[in-house]
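Novice: next come a sequence and a model predicted from it.
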Amino acid sequence: MSEAIYVLIDHSQGEIRTTSLESLVTGQRMAEDSGFSLHALILGHQVRSLADQLATRKVESVVWVDDPKLRDYDPDVYCEALSQILTENPPHILLMGHIYQNIDLAPKLAAAINKGLVTDCIGYRKVEEGFVFVRQMFRNKLNADVQIRSASPWIVTLQPGSATVDDLEEGSAEVVERSADLSTVEVRRKSLEAFEPIKGKVDLSKAESIIGVGRGIKKEENLKIIEALAEALDAEVAASRPVVDNEWLTRDRQIGSSGQTVAPRLYVACGISGAIQHIVGMKNSNCIVAINSDPNAPIFNIASYGIVGDLFEIVPALTKKLKGL
Amino acid sequence: MKIITCLKEVPARDARYELSNEGTGIKESDLTFEINECDEYSLEEALKMREAHGGEVTIVSAGRQRAEKSIRKGLAMGADRGILIRDEEGQLNSPHAVALALAEVLKEEEYDLILAGTQSDDWSYAQTGVLLAQLLGIPHATIVMEIQADPTQNRVKALREMESGWFQWVELPLPSLLTVQAGISQVRYASLKGIMQAKKKEIRTVELSELNLDLDSAPQVEVLRVYFPEAEKKAEILEGTTEMVVEQLVEKLRKEAKVL
Ligand SMILES: Cc1cc2nc3c(=O)[nH]c(=O)nc-3n(C[C@H](O)[C@H](O)[C@H](O)COP(=O)(O)OP(=O)(O)OC[C@H]3O[C@@H](n4cnc5c(N)ncnc54)[C@H](O)[C@@H]3O)c2cc1C
Ligand SMILES: Nc1ncnc2c1ncn2[C@@H]1O[C@H](COP(=O)(O)O)[C@@H](O)[C@H]1O
């Protein structure tokens, strides 16, 4: 039998998560490059309809594990189920999205079965001896190519947005039911209520122009120069997470993976370094301007126009210029 | 409550990196180092818990000798003692290896709660805390925004951040491990008194070689190459005096990007 690539399919409230479909796209490419077979792996309870949906994709099979204990995510239960699957009939690689749930799960699984784990990859390259994975680090200023040298299965988590769901190929596959013996797992974590804090009043998704402000602004009082620029441009003010953590602006103005996603015509990033968790929330903006004193700030890698300099000089000058038009 | 906080020393936030000669890492000689951001927050949480429930806060760090300075800073903030697992050669070159070393030392310690950060600002693995919990056989929760410990009932409640702005409270029995998110509180400054006291506090050094770890049996992940990323669409950098760049920018926004 040829080697297999498994993609773990996460789902919530009856829907497959986008990051899992992105991982499936990467899986399809890796399968093509290597000749390995590709399988979607879905855990849950009464999710047959999701398994059927996956069966319309270009995969060799959909492996479906149904158990009432898998209804909601629990690290002990999910780790046990996956450990069994990865040991009984080990694939070469298990891919999954680098999302909160898998940040909670993947290292536990890796330690439980003593296998190599590479997290938050943005891509891969096929080489003779297998795959090399690319990851970002050092506050997104550096990349690394890494390779797992120890025995498979390897566990690899993929950064959200590292592939495009539109590229998913259609096909037809059989659904194979597998079981896991979860009778002896001791559930130690008790999940209490989940809640979504009341959504803010500010809906930034409709804004034509947004001025994003980051930790480079240094103090709450300094926000007035940002507000003046926003007024001159008729723009909304938004922020990176540290600005919101400091309560200089309200949470509903945070852009990024734990905030809002926006795609205005113009996004001006002032004193924002360009961490991936911020970028995912604004990278589809039509025109991005970055103002940052650090010429190596990763925000310049996705901006259209960049100004390397002190925002305390540039921002007021820009405001003045715009007002004079 | 006996609380252990994991502390990693990382290059300072404004560091300008240069690649090492081998191309598989960075040159460390010209950099200044500081406490990994979320580890400051987990220390702050630990100190608050000790204030509320009594007990002891111990900092543990695996790294080079220079990490002693960061441990000392944590002691000045108020931690009681520190443990440095000295790895001068950088043999702990994967999160799995680091977790094995931490686990080996912590097996000898008494603890109710271990805190780690969600991820390091240098290699950004987002693995070490969870690996450590599994190696020690204790439950864990990740990306924690708030902690409510109840040592008399032997349990802790933690607020987890989840996808798309959702949050969830979970409850774990003690001992357990939490990974703390940066920015969840205001981190205290070390007082002058704290700095003076820290000089007398104990930092126990454990040589990595004393631990007899079988690192060869741990999963091996090799870094082939470290490099500066190529930009998807590198920004057009506007040059000149402030007046000139502002002038150019407005011009480009009007005529090229047509967004004004
Ligand atoms: C699970 C998780 C979720 C997260 N979710 C989000 C999220 O939704 N949104 C988000 O934004 N972040 C999020 N983060 C945090 C993210 O990783 C970064 O820490 C954060 O985006 C950094 O914000 P920043 O760019 O404002 O600050 P920094 O990274 O500190 O950057 C400040 C920048 O300002 C520049 N600067 C300083 N002084 C000046 C000056 N005078 N003039 C010009 N420039 C100056 C500096 O060169 C630097 O580049 C998340 C992190 C995690 C782990
Ligand atoms: N060498 C180390 N010594 C002590 N704690 C560490 C070390 N490396 C990682 N950690 C802890 O694990 C967290 C996550 O690191 P990482 O898995 O590298 O993203 C850090 O915030 C620390 O709390």
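Specialist: Good, I have the coordinates. Numbers count the residues shown, from 1 in each chain, chains lettered A, B, ... in the order given. Ligands and ions are numbered 1, 2, ... in the order given.
Novice: biggest strand in the chain, by residue count?
Specialist: Looking at chain A here, since you left the chain open. Secondary structure of chain A read by DSSP state E shows that its longest strand is strand A:117-127.
Novice: ah, I was thinking of chain B
Specialist: Within chain B, and with DSSP E defining each element, the longest strand by residue count is strand B:140-150.
Novice: who are the packing partners of the helix or strand that comes right after that one?
Specialist: Moving toward the C-terminus from strand B:140-150, the next helix or strand (DSSP states H and E) is strand B:155-161. Contacts of strand B:155-161 with other secondary structure elements, assessed using 3 or more C-beta pairs under 8 Å, 6 or more residues apart in numbering or on different chains; DSSP states H and E, are made with helix A:100-113, strand B:140-150, strand B:167-173, strand B:176-180. In short, each C-beta sits where N, CA and C put it, glycine included.
Novice: ok, and what's touching the second one?
Specialist: Looking back up the chat, that one is strand B:140-150. Contacts to strand B:140-150, defined as C-beta atoms under 8 Å, 6 or more residues apart in numbering or on different chains, come from residues A:75, A:100, A:103-104, A:108, A:189, B:1, B:45, B:49, B:52-53, B:112-113, B:118, B:129-130, B:133-134, B:156-162, B:167, B:170, B:172, B:174, B:176-181, B:184.
Novice: and the helices and strands packed on strand B:155-161 as a markdown table, adding mean neighbour count?
Specialist: Compiled in a markdown table, the helices and strands packed on strand B:155-161 are given as follows (neighbours: other C-beta atoms under 10 Å in any protein chain shown):
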| stretch | mean neighbour count |
| --- | --- |
| helix A:100-113 | 24 |
| strand B:140-150 | 21 |
| strand B:167-173 | 18 |
| strand B:176-180 | 27 |
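Novice: looking at those, which is closest to ligand 2?
Specialist: Taking C-beta to the nearest ligand atom as the criterion, strand B:176-180 is the member of the helices and strands packed on strand B:155-161 that comes nearest to ligand 2, at 6.7 Å.
Novice: partners of that closest one in the sheet?
Specialist: Listed by DSSP bridges, the sheet partners of strand B:176-180 and their directions read strand B:113-117 (parallel), strand B:140-150 (parallel).
Novice: adding mean pLDDT and distance to ligand 1, write those out as TSV.
Specialist: Below are those laid out as TSV (pLDDT from 0 to 100; distance: least, C-beta to the nearest ligand atom, whole Å):
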stretch	mean pLDDT	distance to ligand 1
strand B:113-117	98	9
strand B:140-150	98	5
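Novice: flag every residue of chain B that's near ligand 1.
Specialist: B:13, B:118, B:119, B:143 (C-beta under 6 Å from any ligand atom).
Novice: ok, now which ones touch the nearest residue to residue B:53 once chain neighbours are set aside?
Specialist: Taking C-beta to C-beta, 6 or more residues apart in numbering or on different chains as the measure, residue B:53 lies nearest to residue B:1, with 4.7 Å between them; neighbours along the chain are not counted. Listed by C-beta under 8 Å, 6+ apart, the contact set of residue B:1 reads B:49, B:50, B:53, B:54, B:55, B:56, B:112, B:113, B:149, B:151.
Novice: my guess is the fifth one contacts residue B:47, does it?
Specialist: No - using C-beta atoms under 8 Å, residue B:55 and residue B:47 do not qualify as a contacting pair, with a distance of 10.7 Å.
Novice: how about residue A:219, phi and psi?
Specialist: Residue A:219 has phi and psi values of phi -140, psi 150 when expressed as degrees, to the nearest 10.
Novice: which parts of the chain are helices?
Specialist: Just so you know, I chose chain A. Counting by DSSP state H, chain A has helices at residues A:18-34, A:48-54, A:75-88, A:100-113, A:223-233, A:241-245, A:276-279, A:311-323.
Novice: if you could check chain B rather than the one you did, that'd help
Specialist: With DSSP H as the criterion, chain B has helices spanning B:37-53, B:67-77, B:95-106, B:128-136, B:192-198, B:242-255.
Novice: of those helices, which is nearest ligand 2?
Specialist: helix B:128-136 (3.3 Å).
Novice: how far out from the middle of the chain is that closest one?
Specialist: Between the centre of helix B:128-136 and the centre of its chain there are 14 Å (C-alpha atoms, centre = their mean, to the nearest Å).
Novice: show me what that helix is packed against.
Specialist: For helix B:128-136, the contact count by 3+ C-beta pairs under 8 Å, 6+ apart identifies helix A:100-113, strand B:2-6, helix B:95-106, strand B:113-117, strand B:140-150, strand B:176-180 as packing neighbours.
Novice: again, 7 Å this time
Specialist: helix A:100-113, helix B:95-106, strand B:113-117, strand B:140-150, strand B:176-180 (3 or more C-beta pairs under 7 Å, 6 or more residues apart in numbering or on different chains; DSSP states H and E).
Novice: any chance of these in CSV, plus distance to residue A:304?
Specialist: Formatted as CSV, the helices and strands packed on helix B:128-136 follow (distance: least, C-beta to C-beta, whole Å):
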stretch, distance to residue A:304
helix A:100-113, 31
helix B:95-106, 36
strand B:113-117, 34
strand B:140-150, 32
strand B:176-180, 36
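Novice: wouldn't residue A:242 be in contact with residue A:216 here?
Specialist: No - using C-beta atoms under 7 Å, residue A:242 is not in contact with residue A:216; the gap is 9.9 Å.
Novice: what's the closest non-adjacent residue to residue B:75?
Specialist: If the residues on either side of it in the chain are set aside, residue B:75 comes closest to residue B:198, at 3.9 Å by C-beta to C-beta, 6+ apart.
Novice: burial count for that neighbour?
Specialist: For residue B:198, the count of nearby residues is 20 (other C-beta atoms under 10 Å in any protein chain shown).
Novice: list the contacts for the closest residue to residue B:162 other than its chain neighbours?
Specialist: With C-beta to C-beta, 6+ apart as the criterion, residue B:162 has its nearest non-adjacent residue at 5.1 Å, and that residue is residue A:100. Going by C-beta atoms under 7 Å, 6 or more residues apart in numbering or on different chains, residue A:100 touches B:143, B:161, B:162, B:163.
Novice: from those residues, which is closest to ligand 1?
Specialist: Sorting the contacts of residue A:100 by how near they are to ligand 1, with C-beta to the nearest ligand atom, puts residue B:143 at the top with 5.5 Å.
Novice: what does chain A put close to ligand 1?
Specialist: Residues of chain A lying near ligand 1 by C-beta under 6 Å from any ligand atom: A:214-216, A:240-242, A:254-259, A:271-273, A:275, A:277-278, A:281, A:291-294, A:297, A:310-312.
Novice: can you report how many residues neighbour residue 3?
Specialist: As the question left the chain open, I've gone with chain A. For residue A:3, using other C-beta under 10 Å, the count is 16.
Novice: meant chain B, my bad for not saying
Specialist: 27.
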